[in-house]
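Asks: Got a predicted structure plus its sequence, pasted below:
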Amino acid sequence: MLYLAGLILVLVILGLAITKAPNRNIQRAAAIGVGLAAVAWTVVNAITVVPAGHVGVQDFFGSVSDRYLQPGVRVVNPMVDVHKMSVRTQELMETARVPSSEGLIVSLDVSLLFNLNPEKAPDVYRTLGPGYAEVFVIPQLRSYVRGATASFEAKALYTSGREMIAEEILRELAQ
């Protein structure tokens with residue numbers, strides 16, 4: 001979008017320079033200068049850098065490409081917005097008050113390590129958006145933690161039963 005605004009601005013300046021210039025040589029020089037500025041603006045907006053540990057998702061006026069961009073310097077359509085999404089391992093830490101099978105409320109700290117599959121990045125961006133962790137991962141984690149702990153006694157949360165609970169939560173989240 002910024003590219004279009006800049007290009008329109010360059011064309012308006014070109015029009016003003018040509019109509020307001022006192023002689024033909026100045027008009028020609030202004031047209032060449034503004035034309036070169038438009039070409040430079042196009043080249044600058046056609047190059048994007050996707051940092052290491054990220055993929056680029058291309059959004060062309062709401063139409064999201066199924067192809068994702070690998071890390072590095074990439075040449076793209078200057079009118080495409082490239083959204084960089086991390087594929088690195090991320091950690092979510094959640095403190096929750098969860099019920100046990102006896103009806104007791106227990107305070108529990110949960111940590112989840114996850115990462116975005118690069119092939120799924122365009123679909124995730126299209127359906128959930130760039131804040132997918134806040135929109136989808138955290139609510140799912142909360143729900144599965146509460147569901148898993150409700151079938152265990154409170155003492156299991158602090159003993160070896162903790163591993164069984166972790167496995168159940170992981171099995172649910174893996175889906």
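Replies: That came through, no problem. Residues are numbered from 1 along each chain as shown.

Asks: only C-alpha atoms for contact and neighbour calcs from this point on.
Replies: Will do.

Asks: Extract the CA atoms of stretch 47-63 and return them as CSV.
Replies: The C-alpha trace of stretch 47-63 is given here as CSV (Å, rounded to 0.1, in the frame of the first residue of the first chain):
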residue,chain,number,x,y,z
ILE,A,47,13.3,-6.2,-2.4
THR,A,48,12.5,-7.7,1.0
VAL,A,49,14.7,-9.4,3.7
VAL,A,50,13.3,-12.4,5.5
PRO,A,51,15.4,-12.8,8.7
ALA,A,52,16.8,-16.1,9.8
GLY,A,53,14.3,-18.2,11.8
HIS,A,54,11.4,-16.7,9.9
VAL,A,55,9.4,-17.2,6.7
GLY,A,56,7.7,-14.6,4.7
VAL,A,57,4.0,-14.8,3.9
GLN,A,58,2.9,-12.8,0.8
ASP,A,59,-0.4,-10.8,1.0
PHE,A,60,-1.5,-9.1,-2.2
PHE,A,61,-4.5,-7.0,-1.3
GLY,A,62,-6.0,-9.7,0.9
SER,A,63,-5.0,-12.6,-1.4
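
Asks: tell me the contacts of Phe152?
Replies: Ser100, Ser101, Ile165 (Cα atoms under 8 Å, 6 or more residues apart in numbering).

Asks: Show me which of those is closest to Asn23.
Replies: Closest approach to Asn23 among these (Cα to Cα): Ile165, at 82.2 Å.

Asks: Tell me which helix or strand that closest one sits in.
Replies: helix 161-174 (DSSP states H and E).

Asks: what residue lies at the spatial centre of the protein?
Replies: Pro130 (3.3 Å; Cα atoms, centre = their mean).
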